[in-house]
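Asker: Structure, please.
(chains A, B, C and D)
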There are 2 protein chains.
Amino acid sequence: MTVQPEQMTPQSGPAGGKARSVYLSLRGEISSGTYAPGATLPSEAKLAAAHDVSRVTVRRALAALSDEGLVETRGGAGTRVTGGTGGVPLSADIALPHLFQMGRETTARLLSFSYVAPPAPVAAALDLPAGARVQRATRIRLSEGRPFSHLTTYVPEEISSHYDETDLAQSPLLQLLERSGTRIEAAAQSVTATAATPDVAEALGVTLGAPLLSLTRTVRDAGGRGVEYLSALYVPELFRLDMTLSRVRDGGEGHWRPVIGEGA
Amino acid sequence: MTVQPEQMTPQSGPAGGKARSVYLSLRGEISSGTYAPGATLPSEAKLAAAHDVSRVTVRRALAALSDEGLVETRGGAGTRVTGGTGGVPLSADIALPHLFQMGRETTARLLSFSYVAPPAPVAAALDLPAGARVQRATRIRLSEGRPFSHLTTYVPEEISSHYDETDLAQSPLLQLLERSGTRIEAAAQSVTATAATPDVAEALGVTLGAPLLSLTRTVRDAGGRGVEYLSALYVPELFRLDMTLSRVRDGGEGHWRPVIGEGA
DNA sequence: AAAATCTGTCCTTTCCATAGGACAGGTTTT
DNA sequence: AAAACCTGTCCTATGGAAAGGACAGATTTT
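Answerer: I've put the predicted structure just below:
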């Protein structure tokens, strides 16, 4: 018999209601270090009293945590926090957002590929005239077999004609664009968080409404024309965006300057 | 009678179950531009059929969207997407993450202030010896009266002795540290997403489990010693992290270089 | 004016989350 | 060995979420 590495489901948890409340509360206290690895949680009865819920509800929350491997509960004795928080997430430096050659394998899978009328935000970001069409491709990136990122790219039709579906499944989009003569110059990124919609949740293997790191990027060429609009969603348990800053003293409040080299 | 600006509750929505599914699905299609502002949504019957739920459930989802001001439903006619998505979020450039002088007022409120034993992650990040104590302060930042950020800072006890509780309520922490002689040099940031725990959800006026942008920063002085550990949570509807990048061609895959000046 | 379509409302029924309690059996402490 | 404590399991009862259907009234289209 072969021992399989535990396939952990990130961000499962109860759907809603009090069980979710207790679950989130405990998960927060574990990851913030209030309950250190190895420590024993309060008994189910005490947790029930503390959160003002029934023991059934506490057990649901604990079961969810146990499923994710965050805690280990031994019958008779208490419930203990396991050591590993579940593997170190991929960490992308801000300067190299799409190179993951940190010893870890990432593969891509093309989910959909079509030419459509651009949604309003995309048309606005790329300065597209009314009636223009774009190529839309949705891809999933996997690390160690687990999907950690959901990418949707929009490229104006004229530019996208230099490559096809099979190219896209293999090479990064920017590489394809540069190979076909587009001189990529600048990009504007915006980072936020969003809740997983049903389609994304299914594709990423995540609970409905689970928090995701959201990154939208508009890429422009030397002429200032928009060549790519990217909407990326990352599973936070598996992906971080890192950056190193150095302080600039300028008399007043001071500000930060990003450091270019390797992040960590 | 005075017209009040609509105070919008971000990320309310049904707690769990199918109503939440429909709610998230529609909200995604609205913000992604599939349903443009002014357009009429499919009828409740059609939405029920499309999502394979009952009309009651669809109505729950629509009611939530209507509460947030995303849609407007006129009896007899359909439900239309309203124009304003609800105000432009604060946008912080990565180089100036804590200056929000973009014409908008932000105020702070001190929630808690105490000296505690550092949680394991904090002790590790700041290289604290066992038994060391830190000052922990939790603050809320508000923009236009709405809380948009939840900050918890940890500062080693020796360093924190140069200022007190009232200083903290007024000035940014880094300024206080610099004023007292600490030479701040570098910082490492990590950005992800998290779900709102009960305490944070209440402080920010957000639903339990709502997605939040999470930023953790470790600040070091010239000697490489950790002087501050910051854990910041932002409401995504009210806050974005922006950055401008310029492309560097280096023969191979190419990478990005952050631009220092103003972001947008 | 008539027909089609849509929202607003009310109804009953089913299913699941939760509360609250009881008891067996394992584990730790005394 | 005994006592205290804990988890595992089973029970009943209740409330809310959801399904599914029906009808009134408003709006739009024909």
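
Asker: which residues touch A:Lys18?
Answerer: Residues in contact with A:Lys18, defined by Cβ atoms under 8 Å, 6 or more residues apart in numbering or on different chains, are A:51, A:53, A:57. (C-beta placed from N, C-alpha, C; glycine too.)

Asker: show me where the stretch 51-200 of chain A has strands.
Answerer: A:71-73, A:79-81, A:90-93, A:106-116, A:134-143, A:146-156, A:184-195 (DSSP state E, counting those that start in this stretch).

Asker: May I see the ones you listed arranged in JSON lines, with mean pLDDT, distance to DNA strand C and mean neighbour count as well?
Answerer: Shown next, in JSON lines, are these (pLDDT from 0 to 100; distance: least, Cβ to the nearest atom of the strand, whole Å; neighbours: other Cβ atoms under 10 Å in any protein chain shown):
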{"stretch": "strand A:71-73", "mean pLDDT": "90", "distance to DNA strand C": "11", "mean neighbour count": "17"}
{"stretch": "strand A:79-81", "mean pLDDT": "90", "distance to DNA strand C": "10", "mean neighbour count": "19"}
{"stretch": "strand A:90-93", "mean pLDDT": "73", "distance to DNA strand C": "32", "mean neighbour count": "20"}
{"stretch": "strand A:106-116", "mean pLDDT": "89", "distance to DNA strand C": "24", "mean neighbour count": "13"}
{"stretch": "strand A:134-143", "mean pLDDT": "92", "distance to DNA strand C": "27", "mean neighbour count": "20"}
{"stretch": "strand A:146-156", "mean pLDDT": "93", "distance to DNA strand C": "25", "mean neighbour count": "22"}
{"stretch": "strand A:184-195", "mean pLDDT": "92", "distance to DNA strand C": "19", "mean neighbour count": "22"}
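
Asker: Span of stretch A:220-240 from start to end?
Answerer: 25 Å (Cα to Cα, to the nearest Å).

Asker: do the same with stretch A:24-43
Answerer: 17 Å.

Asker: Show me where the stretch 101-250 of chain A has its helices.
Answerer: Using DSSP state H, counting those that start in this stretch, the helices found in the stretch 101-250 of chain A span residues A:120-125, A:157-160, A:165-170, A:173-179, A:198-204.

Asker: ok, so what distance separates whichever residue of the stretch 1-150 of chain A sits closest to chain B from B:Val58?
Answerer: The minimum distance from the stretch 1-150 of chain A to chain B, using Cβ to the nearest Cβ, falls at A:Gly16 (2.3 Å). Distance from A:Gly16 to B:Val58, counting by Cβ to Cβ, to the nearest Å: 18 Å.

Asker: Now the terminal residues of stretch A:167-180, how far apart.
Answerer: First residue to last in stretch A:167-180 (Cα to Cα) measures 12 Å.

Asker: Pull out the buried residues from it.
Answerer: The neighbour-count check on stretch A:167-180 (16 or more other Cβ atoms under 10 Å in any protein chain shown) flags A:168, A:173-178 as buried.

Asker: pLDDT of it, averaged?
Answerer: Per-region confidence: stretch A:167-180 scores 80 on mean pLDDT.

Asker: and it, is it in reach of chain B?
Answerer: Yes - using Cβ under 8 Å from any Cβ of the partner chain, stretch A:167-180 comes into contact with chain B via A:172, A:174-175, A:178.

Asker: what number of residues lie near A:Ala117?
Answerer: A:Ala117: 14 surrounding residues under other Cβ atoms under 10 Å in any protein chain shown.

Asker: Can you verify my assumption that it contacts A:Arg133?
Answerer: Yes - counting by Cβ atoms under 8 Å, A:Ala117 touches A:Arg133, with 6.1 Å between them.

Asker: For the helices of the stretch 101-250 of chain A, give me JSON lines that also has distance to DNA strand C.
Answerer: Converted to JSON lines, the helices of the stretch 101-250 of chain A look like this (distance: least, Cβ to the nearest atom of the strand, whole Å):
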{"stretch": "helix A:120-125", "distance to DNA strand C": "22"}
{"stretch": "helix A:157-160", "distance to DNA strand C": "33"}
{"stretch": "helix A:165-170", "distance to DNA strand C": "36"}
{"stretch": "helix A:173-179", "distance to DNA strand C": "39"}
{"stretch": "helix A:198-204", "distance to DNA strand C": "17"}
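
Asker: Let me know which of these is the nearest to B:Pro147.
Answerer: Closest of the helices of the stretch 101-250 of chain A to B:Pro147 is helix A:120-125, at 26.5 Å (criterion: Cβ to Cβ).

Asker: returning to what we had before: higher neighbour count, A:Gly16 and B:Val58?
Answerer: B:Val58 (27 against 19).

Asker: Retrieve the pLDDT associated with that one.
Answerer: Reported pLDDT at B:Val58 in the predicted model: 90.

Asker: Ok, A:Val235 next?
Answerer: A:Val235 carries a pLDDT value of 95.

Asker: do A:Asp250 as well
Answerer: So A:Asp250 comes in at 65 (pLDDT).

Asker: again, but for the one 4 residues further on
Answerer: In the prediction, the pLDDT value recorded for A:Gly254 is 65.

Asker: How about A:Arg20?
Answerer: 92.

Asker: touching DNA strand C at all, whichever strand or helix holds it?
Answerer: Element membership for A:Arg20 (DSSP states H and E) is helix A:18-31. Yes - against DNA strand C, helix A:18-31 shows contacts by Cβ under 7 Å from any atom of the strand at A:18-20.

Asker: do you know how far the closest residue to A:Tyr229 other than its chain neighbours is from A:Ala222?
Answerer: Closest residue in space to A:Tyr229, ignoring its immediate chain neighbours: A:Tyr154 at 4.2 Å, by Cβ to Cβ, 6 or more residues apart in numbering or on different chains. Look at A:Tyr154 and A:Ala222: by Cβ to Cβ, they are 20 Å apart.
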